[in-house]
Each structure stands twice: as C-alpha cells, then as structure tokens.
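Chemist: sequence and predicted structure below; questions after.
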Amino acid sequence: MPASDFSLDAVSVLLVWTAIAIYALAFIAYAVDLARRSDLALQHKDAAATDAARARELVGAAASGAVGGARVGSDGSAVSRVRAEEDAAAIDLEARPSARKRYVWARIGTSLTVLGFLFHVAADITRGIAAGRVPWSNMYEFALTGTMLIVAVYLVVLLRYDLRFLGTFITGLVTVLLGATAIWFYTIVVPLSDPLKSVWLVIHVFVASLATALFALAFALSVLQLLQARRERLAIAADAVAAEERDAEASVVAETPANPVRTGPRFLRTLPSADALESLAYRFAIMGFMFWSFTLIAGAIWANDAWNRYWGFDTKEVWTFVIWVLYAGYIHARATRGWRGTRSAWLSIIGFSAVMFNFTIVNMFFKGLHVYSGLN
Amino acid sequence: MSNSLSDPLRPSDHADGVERIAQPRLGLVGWLRWGWRQLTSMRTALVLLLLLAIAAIPGSIVPQRTADPNGVTQYRTNNPDLYPILDHLQLFDVYSSAWFSAIYILLFISLIGCVIPRTTHHFKALRARPPRTPARLSRLDDYTEAVRVVPAGEDAEAAASRAVDLAQAQLRKAGYRVERYDAPATGTRPAVASVSAERGYARETGNLVFHGALVGVLIAVGVGGGLTYTGQTVIVEGDSFVNSLGLGYTSFNPGRFVDTESLSPYSLTLDSFDVSYVPVGEAGQGMAGDFAANLTTRQPGQDAKQQTVRVNHPVDMAGDRVYLMGNGYAPTITVRNPAGDVVFREDVEFLPQDTNMTSLGVVKVPDGLAQQVGLVGFFYPTAATLHSGAFTSAYPALANPLLTVDVYVGDLGIDDGTPRNVYALDTSGMTQLTGRSIGVDSLKLEPGQTVDLPDGLGTITFDDNTATGGAETVKRYVSLSIHRDVGAPFVLLFAVIALLGLLAALFVPRRRLWVKAVPTGDGAVAIEYAGLARGEDPALGVAVADLQRTHGQALDAEGWPTGASAGASSAASAGASTARTDPTASAPVRATDDTHTPA
Ligand code: HEM
C-alpha cells in the first residue's frame, strides 16, 4: 500500500464504524433482556417475595410512611406485589458484580458494550494521533470523545450499581449519536485555529463531556422513575377499585385477581422503587452539576484570554448558563416540599434535553463566537 | 427535633422542614411579614430560577446589541415590521432588560433573605452540643445492636460506660463532635451510658458559602462593570498607539465610573506581524494561524520592552490587557496631482472580506486635486482570475499582490463636519469613473507601480514597502482590543469559593450517630448503634455498620470476651448481633421525616 493511501484517520473512521455496529448489537441484546427479564423475574418471584418479606420484617415500621403510607403487608393486593418486586430489585441494584442476577442477554449486552467501547477508544486515540492533538477540537471530535465518555461512565458505574437496565438507553443513545456523527459531522484533520490553542480546550471540553455523561445517566433514571411512579399509582388505584368491588358484594368472598392490573412496561417489575431511582438519579445529577459548574468557570477563564471578556452572553454561553440554572432548579426542587418526586424528575429530563439541544442544534445552527464545529 | 439548634434552619417549605401554616395576621406588618416569608421560600426561589432559565433563552435566538451589533442592524433590515416590536420588548438587550433584571434581582433578594437568618442560626449551631440521645434508638432508620458479655470480674455499669468511652474516642477521631449523655440507674431503669455524635456541619457551611459567594459574584460583576473599559485600536507596522482617549482609540466604551482623563500613558509600537498559512495542497490549505503581533511597549519611567501579543495570550500593560483581535493588509497609497506634488500618502487599512484576505479599502482625497476624489480599492494578496473575469484572491499570503481601484469624483460629503465611517465611501453625491459596473476597467496596480487617474486628475502609486526597508511588499496592520477589568479577579475568586462551597454542600454527609450501652442485668451489656441522616446521605447504613464493626473490634482488643469464647448463660447469644443494617436489608428503607423525634 502506498504511504499516501494509508492514513491513521482512515483507520480511525473504520474503527468508529465497527464500534457503531457493535453498539447496535449491544442495544439489541439489552432490548431482548428488557423484554425477557420480567419473565425471568417472575420465575424468581417466589424467592424474591420471600426475600422482600424478610427485608420488610427487619425494616419494620421504619419502612412505612413514605408514599402516603401505601405500604401494606403481603396481602395479595397489587400495591404490595409492586412493593415486593421493588424491594427485591433494590437489593439487586446494589449487589456486587459477582452476586448479580444472571440475565443472559444483559450479560451479552454488557460484553458487547465493552467490546464496542474498546473499538471506540481505539478510534478516538488514532484520531488524536492523526491530528496530533487532543481529539476534541471540532464537532466530529467532541461527539466522538463525548459519546466515549458516556459509555465509560456507564461502565464504571456498573461496577458499583447493577444499572444494566439502562443498557438499552445508553447503547441506543450512543449508537444514534455516533452514527449521526460519522455521517454528518465527519471533518478531515486540519490544524487548530488559534483560539483553540489553549490548555483550556483540553480541560473545559473534557469536563463538559464528563458532565454530559453523568446527566445522561440521571436523565435515564428520571424517566424510569416517572414510569415506576406511574406503576405505583396505577396499582394503588387498582386496589381502590378492587376494594370498592369487594364492598359492593360484601357477601361474596372476594378473590384478588392474579394479574389484572396494567401498570406499564413489564420490565418495570425488575426495577427498584421510584424513590430509589430518584435518589440514584440525584446522585448522578449532582456530580454532573459539579462538573458543569467547573466547565462554566473554566470557559469564562478561557473566554477572558481569548475574547477579551470572561462573559458576553454569546449563544453557547447562554445555553451553558441556562443548563446550569435548570439543574440548580432541579436540586432545589428536590429540597422543596411538593416538588420532590415527579416534578423534579421532569426538571432533570428538561435539563438533559437542554444539554442535547446545546450540543446539537446550538452548535450547528446558532450564530456565535463558538464557531468550532468545523462544519460549514 | 427538627427545630433543635444543631439542625440547619430551612425555609418552611423545605422538604425536610415542618409545615407551618402561615396565616397572615391582619395589618400591614402581618402582611409584610407574610410577603417576605413568601419571597424567601424555597418555592419562590425555585420558580425564579426556572424563570431565569427561560428568560435567558431569547437572547440566544435574537441577536444582541452587545454581542452582535451588526446582527441587530441586519435583523432590522430583514424584518422591518417585527423589529420595533421586539425592540420595544427589549429583546435586543435581553440581559440588561427590565424584565430580566427584575427576575435576577428578586432572586438575589430572596437569596439574601434566605441566607442571612440561616447563617446566624448556623453560627449558633456550630457552638451547640450534639442533641440528646433519643430514648428509643431502635426507631431510627439505621439501627443495629449487639450484646456483649462483660469481662470477668467487672461491674456491668462501669463496663457499659467504658464501652461508650471507646465509641466516643472512635467517633471523635472520625471527625464527629461528641457529647456524653449518661443517666444513672433509677428504681425502674438501669443506668444508661450513651454518646451522641454529629458531623457534617460543613454541609451547611458549604451551602451558605455557596449562596453567599453567588452574591459576591453578582456584586463583583456589577461593580466591576462600572470600572471597566474596552477600547479598540488599529496599528500599522511601524506605527505606534498611545493610550489616551484623544489619540489612540478608534472606539472606546468606558463603564460608568471610569475616569477617562487618567488613562495610564503607555505606548505600543507594532514592529512586525507574524502569521503562518497552511501551504497549498495540504488539508486546511490557506488556514491562517500562529498570529503574533510583535510590539515595542513603553511605560513612563521604564525601559522599552519587546512583547508579543498572541491569540489567547494578551499582554498586560499597567493593569490593562491588550488583546490581538484581527489583522489585515495596509497598502501604502500615494496620490499626486498633475504637477507631481503628493496630495495624499497613507498606509490604508483594508478590511479582509474572506479567508484568502481579499480586502476592501477606501481612500478619500478631499483637497489638492481638481475635484474631490474617492477611491474604492480591492486588494488581492494572491490575485487570480475567475471565469467571469473578476479577480479573486486564491491564497492569503503575498504571492501575487494586486490592487484594483475604482475612482469616484464629486462630493465626499465630509465638508459639513458630519463624522463619516473611514472604511466606507458614500457615493451618493459622486460620479464613478472606473469599474466593472460601468464597463470601464478598474485601475490595476502591483507594488511599486504608478498609473494615471482618469480625466487627467493626477497619478496613483501603490508603494512597494520593501523599497523603504520593509520585510514584505505590503505592510500589515493589527487591530487590538484594550481592556481593563478590575472586577474580573474578584468574580473568579467568588466563583471558585462558590464551587468549593458547593462541593461541601453536596458531598459532605451530615449525620448523627449514637452509641448507647445498657447493662442487661445478667453480666452482659446491650450496645445499640443508630444513625440519622440530615439531608441526602446514601452511605448512612454503611456508616452505622462500620461503627458497629470497629467498635466491636475495639472491645475485643480491650479484652471483652468474643462471641465464640463467651460461655455466658445470658439469653442473648453473647457477641452476636442482630444487624438491622445488614446491607441486603437496608436498601428498601425509605427516608422518613417523622421518625427522628425522640420519644
Ligand atoms: C441564584 C440563585 C440560586 C442558586 C443558583 C442556587 C443554587 C443552589 C444549589 C446548586 C444548591 C445545592 C447545593 C446545596 O445543597 O448547597 C442549593 C441548595 C439550597 N438552596 Fe439555593 N440557590 C439559589 C437561591 C436560593 C434561594 C433564594 C434560597 C432560599 C429560598 C435557596 C435555598 C437553598 C436551600 C435551603 C438549599 C439546600 C437544599 C437541600 O437541603 O438540599 N437558594 N441552591
């Protein structure tokens, strides 16, 4: 092969596409897992129910009181079934990797995600070497590195929490973003423009990507929190209806129907309670918020060197500020009576939507000083 | 207990707070107090935060006067009907608009009103003792207990006290503030030894520091803005700039409190300007970079210095920062009358129009020729011909420099003293003599060439800069921005303080732990361990379990019989523990607000 035909950047592109393909497969595996894990969970159900009953016994009265005191004993009501499932899932969530449920398809999904990640890292590094600098200096490269960090954070968090139920979301998001990146954002390697020659490029952009990855996890958990809260509400409503019916025909011995309650996607059975999901989402969101605050300050320091002022409400600055304020609002909402729970979850969702908007639409279509997308 | 002094004081609608029903008492004071409580509530802060986020968005969609004045002008031209409406709504000045200001001012009033009472409360809390040990620890979220046999020959009551001493020492070492609450035996109750421990005051301190530092940021921005000035200047190679309002600046925007008479009198001379271009045939061909303005700087009482201004690397001059903002070519143009006398000679700054430095410049010759003459010139550093016959520049460096000139005669419109943009020619009162648009070839000059102006007006020369010792055939110029911002370091300082405060506020767990030892009456001591989170504390269960474990080990080391060797007859299997915070069981515990109250 003549030397001129071979370029490291071409290798990088090939690696990117390989990673995309593997992530797509991982997505499929995780999706199959979600579809099947509720059946598996049913098989474990008896065991789980016993576990949970034991857990509740131990926890005793302390566990009641939340969610309007809706927790009832194992009396066969829809709510108590939901609670039992949630309690079992809460234990699974914190299980050490060796002690986790053997969801085969989730395992395949995670293995594929790790493999895709290795290709992804290789793609990023070869691009960096080809460019002779950090590979996050234009839209194509930010997206390449940013999506890599999303996967990295997900994989690191997996060591601590069994969040494989977020696998479809993470691999789906990354497949779509990386695919769009490879198709629409690809730009050849050109030298850096002068304003980008700064250590702040290395710090500011990297930390922003890290924050984005944490916000993504918080977002996904907040969405699940909403679904789970809905499921809890529906179960309570179903019980109320059942109780009314029982009252109506008091003479007849009422049977609680085995499985009549429709409460949303079945995989929710394998997830912890909305409360548990919320406090996990909050943990990721506050870490993301720290990094985002740092990004904001680092950006201002850089702007003070490059553009003669630390803050000028340039479009990108505006959006960084808006996102920061939205998450400050989210954190406040969590501490405000009447806002904890569903309402604050919506703020987390809106916050991450703003992050994605900032990254895509603002970079591509809004006019401003941050003209570093490298796109025309 | 939620109102005990060592608890942080929170607005009454805080999720962890106690709901107070706030009925305004009739009368002005009552209403004012009620209004103030509303303004300083969590809900108001939240709503104002969300409003602030929403209100900031329009400024990223509509061009802003401060960030993009040309965009505003453009908008006016494109949307003549919409423009006055938006302007009326201050949408071109969102961030200084009345409505945006109202939101953040209210937010900060709310913040100050919220933070001050909390700060005074926290100061007292910092000196308060950890709260009394609740009577029934087992009611708390995280609780474990162990029954230990007392070492042979020891009094159970004394042993219980010593066990708590050990726990107290351990807790103090782990950074807890500790307080003993021992109660002697009474007729109905055995003696109780207990230690109450609290840590994480830094969480509330961090929260207050964070909110306080935000006020600091706002004040530094506000006051700093009044003391800030920004000016623009242009210097051609070989020329100098003097930092004085009348002399050097092409534009100058002082803040309200700036004394424009007492600018520091330094000067800058542009010795040369460096730039590198990506060579033809390489990726990014023609891309310019490594801009460097090499200056000789002089300050009164100091030796002249050679300094270089680059992008991202401004130069400090007596507290001002000098930034490199742009650059271009400044061809030297000489106009002579028919007699050969020089009537105009200047380095004319041409404004770049594209990345290959096709540049546009204007010359006005009001006096010395038969008529007033205006010249509109295009400069091509590397001239190339398009299919249409028009010129363009193919590369930004001086490979094939060419100047074309369109000549206008008539009224320049500058006699009445109205200020005119030096970079634009108002041709409304003038007649065009050369140019493609009227079918007459523009004048074309290479460096060193002289050609005749039409109608025998005289001659024009494009001087070759190398003839007078220059490095290149055409001079370059730089545009510099000179900025003074005394507030900026304070803004940074407060921002960093805020960040550190936030770190503590979000990640320092605030919790209470209690260890209580009660003789069981049969040669053993029941030891209880309990924890209570104040705010978000995912690791509380682990902390209680750890405390129990390390305390158990300490007792072992002190010679307390271990579980295996204890042959006690006590009902409780000595040394064993019922771990309520067994990690597998702790997960479903939900945060509850009403379990803290000691019975
Ligand atoms: C510029 C406006 C504000 C911003 C950006 C802001 C931001 C934040 C952030 C990021 C936190 C989380 C960190 C921590 O717990 O310390 C927080 C917490 C808190 N803020 Fe604010 N805040 C603002 C205004 C206010 C106001 C006006 C109040 C009073 C009503 C307030 C009361 C609180 C309280 C009580 C907490 C603790 C919440 C908890 O218990 O978790 N904040 N704020």
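Modeler: Good, I have the coordinates. Numbers count the residues shown, from 1 in each chain, chains lettered A, B, ... in the order given.

Chemist: what about residue 137, how many residues close to it?
Modeler: Unless you meant another one, I'm taking chain A. 25 (other Cβ atoms under 10 Å in any protein chain shown). In this view, the C-beta of every residue, glycine as well, is placed from N, C-alpha and C.

Chemist: wrong one, I was asking about chain B
Modeler: B:L137: 22 neighbours (other Cβ under 10 Å).

Chemist: ditto for A:A29
Modeler: Residues near A:A29, counting by other Cβ under 10 Å: 22.

Chemist: is it true that it touches A:L115?
Modeler: No: using Cβ atoms under 8 Å, A:A29 is not in contact with A:L115; the gap is 11.3 Å.

Chemist: show me where pLDDT drops low in the chain?
Modeler: In the absence of a named chain, chain A is used. A:1-6, A:40-76, A:249-263, A:368-376 (pLDDT under 70).

Chemist: chain B was what I was after
Modeler: Across chain B (using pLDDT under 70), the flagged ranges come out as B:1-5, B:17-25, B:417-420, B:563-599.

Chemist: which strands and helices sit next to the longest helix along chain A?
Modeler: Ranked by residue count, the top helix of chain A under DSSP state H comes out as helix A:206-248. With contacts defined as 3 or more Cβ pairs under 8 Å, 6 or more residues apart in numbering or on different chains; DSSP states H and E, the packing partners of helix A:206-248 are helix A:78-93, helix A:139-160, helix A:167-180, helix A:274-306, helix A:342-357.

Chemist: and chain B, which of those helices is closest to it?
Modeler: Nearest of these to chain B, taken as Cβ to the nearest Cβ: helix A:78-93 at 3.9 Å.

Chemist: got the contact list for the residue lying closest to B:L166 once chain neighbours are set aside?
Modeler: Using Cβ to Cβ, 6 or more residues apart in numbering or on different chains and skipping residues adjacent in sequence, the residue nearest B:L166 is B:A554, 4.9 Å away. Counting by Cβ atoms under 8 Å, 6 or more residues apart in numbering or on different chains, B:A554 touches B:L166, B:A167, B:Q170.

Chemist: which one of the residues you listed is nearest chain A?
Modeler: B:A167 (22.5 Å).

Chemist: how close does that closest one get to A:A328?
Modeler: Look at B:A167 and A:A328: by Cβ to Cβ, to the nearest Å, they are 39 Å apart.

Chemist: which residues touch the closest residue to chain A within chain B?
Modeler: Nearest residue of chain B to chain A: B:G284, at 3.0 Å (Cβ to the nearest Cβ). The neighbours of B:G284, taking Cβ under 8 Å, 6+ apart as the test, are A:I188, A:V190, A:P191, B:V278.

Chemist: the first one should be in a helix, yeah?
Modeler: Meaning A:I188. No: applying DSSP: H, G, I helix; E, B strand; the rest coil, one finds A:I188 to be coil, outside a helix.

Chemist: so how far is A:T187 from the nearest residue to it once chain neighbours are set aside?
Modeler: Counting by Cβ to Cβ, 6+ apart, A:I188 lies nearest to B:A283, which is 5.1 Å off, once chain neighbours are set aside. B:A283 sits 10 Å away from A:T187, going by Cβ to Cβ.

Chemist: quick check, the residue in the stretch 451-599 of chain B closest to the ligand?
Modeler: B:A505 (2.9 Å; Cβ to the nearest ligand atom).

Chemist: figure out the helix or strand that that residue lives in.
Modeler: Using DSSP states H and E, the element containing B:A505 is helix B:488-507.

Chemist: and B:W514, by the same measure?
Modeler: Per DSSP H and E: strand B:511-519 holds B:W514.
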